[in-house]
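Asks: Sharing a model that was predicted from the sequence below.
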Amino acid sequence: MNVAAPSTTGQNSPAQPPERRGPALGRAGEAVREWAIRNPMVLVMVLVILYFLYMSDRFGTVGNLQTIAIAAAPFALIALGQTLVILTGGIDLSVGSVIAASAMTAALVVKDHPERMWLAVLAAVLVGVAVGAVSGFAVSRLGVPPFVATLGMMTVASGLAYVLGNGAPINGLPPGYSAIANTKVFGIDLPVIIMILGFAIMIVLMSRTTYGLRVYAVGGNPLASRIAGLNVNRTLFSVYVISGGLAGLSGVILSSRVISAFPSLGAGYELDAIAAVVIGGASLMGGRGTVWGTILGLFLIQTLNNGLDLLIVPSYWQKVIKGVLIIAAVALDVWVVRRRSR
Amino acid sequence: MNGSLECRDLTKSFGGLPILRGVSLRLEPGTVTVLAGENGAGKSTLLKIISGQLRPDSGEVLSGGEPLASGDVHAARGAGIGIVPQELAPIPDLSIYENLFVGREKRTRTGLLDRRGMIKAAHEMLTVFGIDLDPRTPMRRLSVGMTQLVEIVKNTSWGARVVLLDEPTSAISDREVDRLFTLIDQLRGRGVAIVYTTHKMAEIQAVADRVVVLRDGKLVADEPLSALSEHDIVQHMIGRELSELFPARPEPRAEVALRVAGVRREGAPPVDLEVRAGEIVGLAGLIGAGRTELLETLFGVRGRTGGEIEVAGRRLRPNRVTDAIAAGVALVPEDRKGAGLVLSMDVLDNGSLPHLKAFSVAGWLRPKARAGAVGEWGRTLGLRSRGLSQEVQTLSGGNQQKVVLGRWLSGDVKVLLLDEPTRGVDIGARSEIYRAITRLAESGLAVLMASSDMGEVIGLSHRLLVMRGGGVVAELDRRAMDAPDVQERIFRHAAGLNVA
């Protein structure tokens, strides 16, 4: 599902010897092995990387790494939001449609006010926050199952995306807008910087703050959390709002990169985000999972996308291979966990 | 093939921690073998290995002299081994007969379900065991005790020759325990070998032909019941002399910490009660008497329709857990795993959950303050864990309970509500919990404790309230509690019989 990811980096210097092939494998100490058994997905990732390094000269180049990172950025934001939601035992199906709705909103705003770029970004994020707030309200206050609530909002947001543009794409966005995704800071593309910031913030949030602890607790056992005095409803509500807001930001990055907003933008992205979280070892029942896991899952999917592109595998077959690999990867994870507890 | 089942030198470790260290055991037909031992002694693990749910690290299980494939549920079942696990797994939305026949449904000649045939057969199966239930009743409507009986029928009616019962009484009432014993007698009469795990003395005396005691994964005693005194069994289980179980009660203070006036709930009479600082008040009553509901109402988990609750002079708003916690009320709920702990989190996280504000600055956790406080009460309570980062689900029941109790201690608690504080907790940990409760009272906490364990409420409390139908029907002071017939009196109050 690598929708129109134009390679913004054309500098594939052929003088790029594949020197950094698996330095970690050199010291295969007992500790490393033990660790690999406990984190089978890391092993899968290493195998996938080694395979593509072997099969393609271009895979290991700096330019290609940038391509992967840039393609990953919009997915990264929604996968981070999805991680929070899944940790509470929920799921957010609406993020793909939120991308479309927020991108359309941003495009409309920036057409009217080309000089106020921040307003477009703010509007897009607010659209996501609003959709997330409705889902969160339905889940936390009305007791609607997350699957149903976000399925509903997925349809609503998608509908709004069509309404906003009368069903048509909005093209010809001002250069200032396309600069969001195509600017470089210290040689790194802005979306990649946003992604890394997102990772850092989320890792700290989930491991160093009371908020993170509450999310884990509410997902692990809502009743026990309530008896421990936590505000379960507020925590549930918040994760959908955050997920929506991040999806809104993701919509800005995507539409800025393709310099156009259209109602089918981001369609199906929620599935890749969910897949990333699950590959990362999170439990759909809630309470278990880490941001690091999601990052790993995200890059496993993105690496597959990229590597299969390089090997010129037809995109339809790519989908088949990716789907099978997702199931196989998680099955391996489950198998390892089960073997350990037998 | 004769009916005997034998375990030879079974060992098993989890994550490097040995659970069974070479257990050999031979089961005879028509005998009830009680497998006694504290929680964590390895009882459940042994049963799981016999029934093929777990693979031993070494050793084997033999049926009629033939080794069974290890870790193979089907092989075990083929050898006539049936298990009724501690955590029951009925399908609540199916009826009794559907549950009984799940996986081996009767069919008509056309291949459709033979419902009439199954209902008839189910009726016979239940009647044999003296259970008078319509097989078409949905499982959901049965009490835990009845569900248990049906599960036993389900696991024996296919002709099991060995029946493993894992803590069968951990969640059922006394009357249902009697029915269970009747059923066990019938199975014994038919030549079934029964293994029954428990750590309750009364049950051992009631059902055992033979007592096998496990301690720390080793078999430390294997004798006919008649050869062992109660004292012997307890000593084998804990491996040391059990001194005074209940510590001396501290003197209560004068000021009232908890005042409950006319608190009403749907379908229950108003409740008035007071607990002074430093006082331990017991709540006795039958299952369903409303003790849990009362505690939950006081804590604000459950709503009330009227009345006042005051903690140290501060009024609590109804249905506000945060209000209760802020006023210094703490609840240790009955259902430790369902309502007390977040099983997927570690000791540190669970242990600091109610007082996150105290362990953070503007939402940022203060790791040192957190670990310090949790470690401190952990030491006070004698918490045994592999460190604060151990997941609580891998702790024994007693240590889990210490976490649920201890996590309140790092805050300013004035009123401690305890609901079945030692359910599923072994004797060693129980005495530690009793000592902790007493020490807390001594430091000025008001304790209100609901318990179905008569010895516990009598031995620990200053005063006893008996509940029935949601209301308090009797109050017994220290003198009445010391009378020899106190258990009888409590029971009569609780059951609504005449009190002599």
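Replies: Noted; the coordinates are in hand. What you see is a predicted model, and the numbers here were worked out from it, not measured in a lab.

Asks: ok, now which ones touch the closest residue in space to B:R302 that isn't next to it in sequence?
Replies: By the measure of C-beta to C-beta, 6 or more residues apart in numbering or on different chains, the closest residue to B:R302 outside its immediate chain neighbours is B:E296, 4.0 Å from it. From N, CA and C alone the C-beta is placed, and that goes for glycine too. When contacts are counted by C-beta atoms under 8 Å, 6 or more residues apart in numbering or on different chains, B:E296 touches B:302, B:331, B:333.

Asks: Helix, strand, or coil at the second one?
Replies: Secondary structure for B:L331, judged by DSSP: H, G, I helix; E, B strand; the rest coil, is strand.

Asks: and it, how many neighbours?
Replies: If you count neighbours by other C-beta atoms under 10 Å in any protein chain shown, B:L331 ends up with 28.

Asks: is it true that it touches A:G229?
Replies: No - the pair B:L331 and A:G229 fails to qualify as a contact (C-beta atoms under 8 Å) at a distance of 9.7 Å.

Asks: Over in the stretch 151-300 of chain B, which residue gets nearest chain A? Let me know.
Replies: B:F299 (7.3 Å; C-beta to the nearest C-beta).

Asks: which residues of the stretch 201-350 of chain B fall in strands?
Replies: B:210-215, B:218-224, B:256-265, B:268-276, B:280-285, B:306-311, B:314-315, B:329-332 (DSSP state E, counting those that start in this stretch).

Asks: Adding mean pLDDT and distance to A:L223, write the ones you listed out as TSV.
Replies: Listed next are the strands of the stretch 201-350 of chain B as TSV, based on pLDDT from 0 to 100; distance: least, C-beta to C-beta, whole Å:
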stretch	mean pLDDT	distance to A:L223
strand B:210-215	91	33
strand B:218-224	90	38
strand B:256-265	92	19
strand B:268-276	93	22
strand B:280-285	93	21
strand B:306-311	92	21
strand B:314-315	91	26
strand B:329-332	94	12
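
Asks: In a markdown table: those, plus distance to chain A.
Replies: A markdown table is the format used below for the strands of the stretch 201-350 of chain B (distance: least, C-beta to the nearest C-beta, whole Å):
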| stretch | distance to chain A |
| --- | --- |
| strand B:210-215 | 21 |
| strand B:218-224 | 22 |
| strand B:256-265 | 18 |
| strand B:268-276 | 20 |
| strand B:280-285 | 18 |
| strand B:306-311 | 14 |
| strand B:314-315 | 16 |
| strand B:329-332 | 6 |
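
Asks: For the residue of the stretch 51-200 of chain A found nearest chain B, list the residues it contacts.
Replies: The stretch 51-200 of chain A approaches chain B most closely through A:L87 (10.0 Å), counting by C-beta to the nearest C-beta. A:L87 makes contact with A:215-216, A:219, A:239, A:282, A:286-289, according to C-beta under 8 Å, 6+ apart.

Asks: What's the local residue count around B:A284?
Replies: 28.

Asks: Can you name the residues bridging to it?
Replies: B:V466 (DSSP bridges).

Asks: how about it, what does it touch?
Replies: Shown in contact with B:A284 (C-beta under 8 Å, 6+ apart): B:451, B:454, B:457, B:464-467, B:490, B:494.

Asks: Which one of those residues is nearest to A:F137?
Replies: B:M467 (39.3 Å; C-beta to C-beta).

Asks: I'd assumed B:G288 was in contact with that closest one.
Replies: No - taking C-beta under 8 Å as the definition, B:M467 is not a contact partner of B:G288, at 9.9 Å.

Asks: Who has more neighbours out of those two?
Replies: B:M467 (24 against 14).

Asks: what's near enough to touch the nearest residue to that one once chain neighbours are set aside?
Replies: Nearest-residue entry for B:M467: B:G285, 3.8 Å, with adjacent residues in sequence omitted and distances by C-beta to C-beta, 6+ apart. Listed by C-beta under 8 Å, 6+ apart, the contact set of B:G285 reads B:291, B:450, B:466-468, B:494.

Asks: Which one (most neighbours) among those residues?
Replies: That'd be B:R291 among those, by other C-beta under 10 Å, with 27 neighbours.

Asks: so who does it touch?
Replies: B:283, B:285, B:419, B:450, B:467.

Asks: and the stretch 151-300 of chain B, which residues reach chain A?
Replies: Residues of the stretch 151-300 of chain B lying near chain A by C-beta under 8 Å from any C-beta of the partner chain: B:F299.

Asks: The lowest-mean-pLDDT helix or strand in chain B: which residues count as buried?
Replies: In chain B, the helix or strand scored least confidently by mean pLDDT, DSSP states H and E is helix B:230-238, which has a mean of 80. Within helix B:230-238, the residues that count as buried by 16 or more other C-beta atoms under 10 Å in any protein chain shown are B:233-238.

Asks: Outside of whichever strand or helix holds B:R439 itself, list whatever touches it.
Replies: Per DSSP states H and E, B:R439 falls inside helix B:427-442. Identification of contacts with helix B:427-442 by C-beta under 8 Å, 6+ apart yields B:38-39, B:199, B:234, B:237-238, B:242, B:245-250, B:252, B:278-280, B:380-382, B:396-399, B:401-402, B:405-406, B:409, B:413, B:416, B:418, B:421-422, B:425, B:447, B:449, B:456, B:459-460.
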